[in-house]
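> got a sequence here, can you build the structure:
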Amino acid sequence: MPKLKTNKAASKRYGFTAKRKVKRTAANSRHRLSTKTSRQKMSRKQSSYADKTCVEGIKKLLPYA
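As a prediction, the model looks like this:
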């Protein structure tokens, strides 16, 4: 069976925890930060988990992760 290719766009956006949960970075944390409060910016520093409806598709994009 041939090797599967990893989707590079997905590999830059998602990662896995030790218990195989899919983690991602928070949205809206890159630009236009002057209009956001300090609390909003602080909460976006933490990584969060991907929605469970998307996990199956992400695991197909990252076959060896």
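
> surely Ala50 meets Lys23?
Yes - here Ala50 reaches Lys23: they are 7.1 Å apart, a contact under Cβ atoms under 8 Å. C-beta here means a position set from N, CA and C on the backbone, and glycine is covered the same way.

> mind listing the shared neighbours of these two?
Tyr14 (Cβ atoms under 8 Å, 6 or more residues apart in numbering).

> does Val55 really touch Val22, like I thought?
Yes - with contact defined as Cβ under 8 Å, Val55 reaches Val22; the gap is 5.2 Å.

> so which of the two has more stuff around it?
Val22 (22 against 15; other Cβ atoms under 10 Å).

> now do the contacts for the spatially closest residue to the more buried one that is not a sequence neighbour.
For Val22, ignoring the flanking residues on the chain, the nearest one in space by Cβ to Cβ, 6 or more residues apart in numbering is Ala50 at 4.0 Å. Contacts for Ala50 (Cβ under 8 Å, 6+ apart) come out as 14, 22-24, 58.

> again, but for Val22
14-16, 49-50, 54-55, 58-59.

> what do you get if the cut-off is 6 Å, keeping everything else the same?
Counting by Cβ atoms under 6 Å, 6 or more residues apart in numbering, Val22 makes contact with 14, 50, 55, 58.

> ok, what's across the strand from the first one?
Right, Tyr14. Arg24 (DSSP bridges).

> quick check: it touching Ile58?
Yes - the pair Tyr14 and Ile58 passes the contact test of Cβ atoms under 6 Å, sitting 5.4 Å apart.

> for the chain, what helix or strand is lowest in average pLDDT?
Ranked by mean pLDDT, DSSP states H and E, the weakest helix or strand in the chain is strand 48-49, scoring a mean of 94.

> same for it, what does it pack against?
Contacting strand 48-49 under the criterion 3 or more Cβ pairs under 6 Å, 6 or more residues apart in numbering; DSSP states H and E is no other helix or strand.

> note down every partner strand of that strand and its orientation.
Strand 48-49 is paired, per DSSP bridges, with strand 22-24 (antiparallel).

> now do the strand it pairs with: distance to the chain's middle.
4 Å (Cα atoms, centre = their mean, to the nearest Å).
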